[in-house]
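Visitor: Next input, structure requested:
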Amino acid sequence: MTYDCIVLPGGGVDLNGSPSAWVFLSCGTTHHPPVLNKNSFPINEATVSAAYLIERNIPSNKILIENWSLDTIGNTYFARQCIIEPMELHPLAVITNDFHMARTKLIFDWIFSLSTSAIDRSENIPLNILRLAIRK
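Guide: Below you'll find the predicted structure:
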């Protein structure tokens with residue numbers, strides 16, 4: 001199946017301002033204060049993750065950033081309201097790790113008002129959740 005959009009929920013940045021290794025290796029959730037740049041501003045995870053994808057040859061014009069939120073619920077809501085629905089990006093796919101899958105499904109179900117059975121990657125149901133939306 002071809003997707004209009006792939007959404008990647010965030011997972012934090014490390015002390016160097018890079019996406020945490022677990023974001024890409026499916027580890028767990030971090031509970032730390034935000035990492036600050038040299039000017040004492042928080043490093044935006046979505047921007048850092050976009051740079052990571054660009055360094056790996058994903059064209060920048062295919063990356064849309066949701067950086068208004070602070071958690072997965074906000075990620076989902078703002079991705080839907082500000083990116084997915086206005087751009088009519090359907091169907092969607094989510095990429096997350098096993099650790100977050102159940103929670104991500106519940107949040108998706110709530111924000112998109114779908115039944116739990118609708119999340120089972122049906123060909124007819126738009127899927128997903130947020131941080132970077134990579135347009136095909």
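Visitor: okay, now D71: neighbour count?
Guide: Other residues within reach of D71, judged by other Cβ atoms under 10 Å, total 11. Placement of C-beta: from N, CA and C, glycine included.
Visitor: wouldn't R80 be in contact with S113 here?
Guide: No: counting by Cβ atoms under 8 Å, R80 sits too far from S113 to count as a contact (10.2 Å).
Visitor: who has more neighbours, these two?
Guide: More neighbours surround R80 than the other of R80 and S113, with 22 against 8 (other Cβ under 10 Å).
Visitor: Let me know the distance separating that one from I73.
Guide: 11 Å (Cβ to Cβ, to the nearest Å).
Visitor: what residues do those two have in common as contacts?
Guide: Contact with both R80 and I73 is made by residues I111, according to Cβ atoms under 8 Å, 6 or more residues apart in numbering.
Visitor: What is the helix or strand where L106 lies packed up against?
Guide: Counting by DSSP states H and E, the element that carries L106 is helix 98-112. Packing contacts for helix 98-112, counted by 3 or more Cβ pairs under 8 Å, 6 or more residues apart in numbering; DSSP states H and E, involve helix 72-78.
Visitor: Can you list the residue ranges for strands in the protein?
Guide: Secondary structure of the chain (DSSP state E): strands at 5-8, 63-65, 92-94, 132-135.
Visitor: Run through the chain and note the low-pLDDT ranges.
Guide: For the chain, residues meeting the criterion pLDDT under 70 lie at 10-15, 17-34, 114-136.
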